[in-house]
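Engineer: next come a sequence and a model predicted from it.
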Amino acid sequence: MRLTWWEKRWLEAIFEGFAPPRADAAEGLLTPEPGEVDHVGRFAEMNEHASPIAKLGMHVAVHLVGLAPVWTGTKLAGFDRLDEEARVALLEELMEHPFALVKELSWLMKVQAAMTLFGTPSIRARSGYDRGREEKMPVRLRVKKDGSMKEVA
C-alpha cells in the first residue's frame, strides 16, 4: 500500500514520539540526531515485505495513532500537530488504553519505531550490537527439523 502525504507526516511524528531526536545527544547514546533516521522509508520497507493482513494492520495502526488526538479529545488535529511533550504523553496513554485493540496497535507502532531505529546503520553501530561479528548485518536464524537453529545470514 502506498503511503499518503498525511500518513508520512504522522509516521514521522509517531516514531519521533517514541524516540525524539536530539542535536545535543551524548556520544554513544542511541538517541537519534535530527534527520538521522528515515522513518518513512523504513516503514515502507517493512510494509513491502509484510503479508497482506500485516500491511493492513500497519496502516490501521498509523491511522489509529495519527487520529488519536481527535478521538481521545486531546486536540482537533492530527498527531503531527502536537508538540513533543504531548506526543509522548498521548503515546503512553494509548499503550495503557483499556481497549485491547488500541493498546495492541499502539504497541505495534512502538515495535516498528524500535525496528526503524535499530535498522539505521549509525544507531546500530553506536549500540555495539554487532561487536565481534565479521558481517555487520542482522542475524537471521532458521529452525531446522530437529528443532535447533541454523544461522542463515
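Structural biologist: Yes, it's here. Keep in mind that what you see is a predicted model, and the values were worked out from it rather than measured.
Engineer: when you work out contacts or count neighbours from here on, use the C-alpha atoms and nothing else.
Structural biologist: Noted.
Engineer: what's around A114, how many residues?
Structural biologist: A114: 14 surrounding residues under other Cα atoms under 10 Å.
Engineer: check L82 too.
Structural biologist: For L82, the neighbour count with other Cα under 10 Å is 17.
Engineer: need the helix or strand of the chain with the lowest average pLDDT.
Structural biologist: Scoring the helices and strands of the chain by mean pLDDT, DSSP states H and E places strand 149-151 at the bottom, with a mean of 67.
Engineer: quick one: secondary structure of R142?
Structural biologist: strand (DSSP: H, G, I helix; E, B strand; the rest coil).
Engineer: from A61, how far out is it?
Structural biologist: 29 Å (Cα to Cα, to the nearest Å).
Engineer: out of these two, which sits in the more crowded spot?
Structural biologist: Neighbours per residue, other Cα under 10 Å: of R142 and A61, the larger number sits with A61, 20 against 12.
Engineer: need the nearest residue in space to that one, chain neighbours excluded.
Structural biologist: L105 (5.0 Å; Cα to Cα, 6 or more residues apart in numbering).
Engineer: which of the three states applies to the residue most central in space within the chain?
Structural biologist: Compute the mean C-alpha point of the chain, and by Cα atoms, centre = their mean the closest residue is A113, 1.5 Å away. At A113 the chain is in helix, as set by three-state DSSP.
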